[in-house]
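1. dropping the sequence and predicted coords here.
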Amino acid sequence: MILVLVGPPGAGKGTQAKLLCSRFGIPQISTGDMLREAKRAGTLEKRYLDIMDSGGLLPDEAVIGLIARRTVEPDCGNGFLLDGFPRTVPQATALDELLASQGGRRIDAVLQLDVPRPLLEERLIHRRTDKRSGQIYHLVYNPPPPGAELEHRADDRPEAVSKRLDAYDAMTAALLPFYEEKQLLHRVDGVGKPEEVTHRVLSAVGRSGSGGE
Ligand code: AP5
């Protein structure tokens, strides 16, 4: 099964991706996580680091290469869930070509998480991630346990959050119609408890004919 999760920063893509991947036994492929990993390892080019931390989008070719390499790894044989990729029409077109070149694979469903902007800002500014486990917390809704080694993302500062939300609005103007035309797009209400959102996502996957509830 090949699933794509789209939605604005803070919509809960990472949170839902972890739940869905464990349910379907497929790996999560998050371009954001891969880039942050490269940043920690000191292998991310400085110009990309600056773009990321300020809330901008990297050039398409930088992320397409990451996906091309990752999707041919052995654990992707039964499918995968893409979180945060594609974000632009050229990325979506490159993904279709890539999948076609991998023996005619196809996307099963594109799931768009909808959350109003004021709630997104509130979620992002209070997000913390455990450096060791990658677990995502929210200081108010899902507080971290004592002893967690917390990280506050550079792009979760209010000025970067605002830029990321604007970039998403500009991007979806073209990306969502691209998938709507292909009849792959499912809009899911992302407001509510994470498990309620998961239930809605699973229903949408089921409606796509790919399994789930
Ligand atoms: P990326 O890491 O993909 O960030 P993003 O899309 O901005 O998404 P986030 O990770 O911020 O949010 P999320 O939707 O995963 O929400 P989460 O589950 O954490 O990308 C980062 C950067 O990398 C980009 O800005 C860009 O520079 C670069 N990049 C990445 N991919 C790229 C690409 N394809 N092209 C170009 N550049 C690219 O949840 C957020 C918070 O809300 C958490 O605190 C969580 O606990 C809480 N929460 C989640 N669900 C709920 C709920 N139901 N109720 C209450 N709280 C909730």
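-> Structure's in. What do you need? Numbers count the residues shown, from 1 in each chain.
2. any idea which helix or strand carries the closest residue to residue 98 other than its chain neighbours?
-> Distances taken as Cβ to Cβ, 6 or more residues apart in numbering put residue 68 closest to residue 98, at 5.7 Å, once the chain neighbours are dropped. Where you see a C-beta, it was placed from the backbone N, CA and C, and this is true even at glycine. Element membership for residue 68 (DSSP states H and E) is helix 60-70.
3. which other residues reach that helix?
-> Residues outside helix 60-70 that contact it (Cβ atoms under 8 Å, 6 or more residues apart in numbering): 29, 31, 34-35, 48, 76, 82, 85, 87-88, 90-91, 94-95, 98.
4. near the ligand, list only the ones from these.
-> Among the contacts of helix 60-70, the ones lying near the ligand by Cβ under 6 Å from any ligand atom are 31, 35, 85, 87, 91.
5. which ones are touching the closest residue to the third one other than its chain neighbours?
-> Read that as residue 85. Excluding its sequence neighbours, the residue lying closest to residue 85 (Cβ to Cβ, 6+ apart) is residue 31, at 4.4 Å. Residue 31 makes contact with 63, 66, 67, 83, 84, 85, according to Cβ under 8 Å, 6+ apart.
6. ok, now which ones touch the fourth one?
-> Residues touching residue 83, when contacts are defined by Cβ under 8 Å, 6+ apart, comprise 5, 13, 14, 17, 28, 29, 30, 31, 32, 33.
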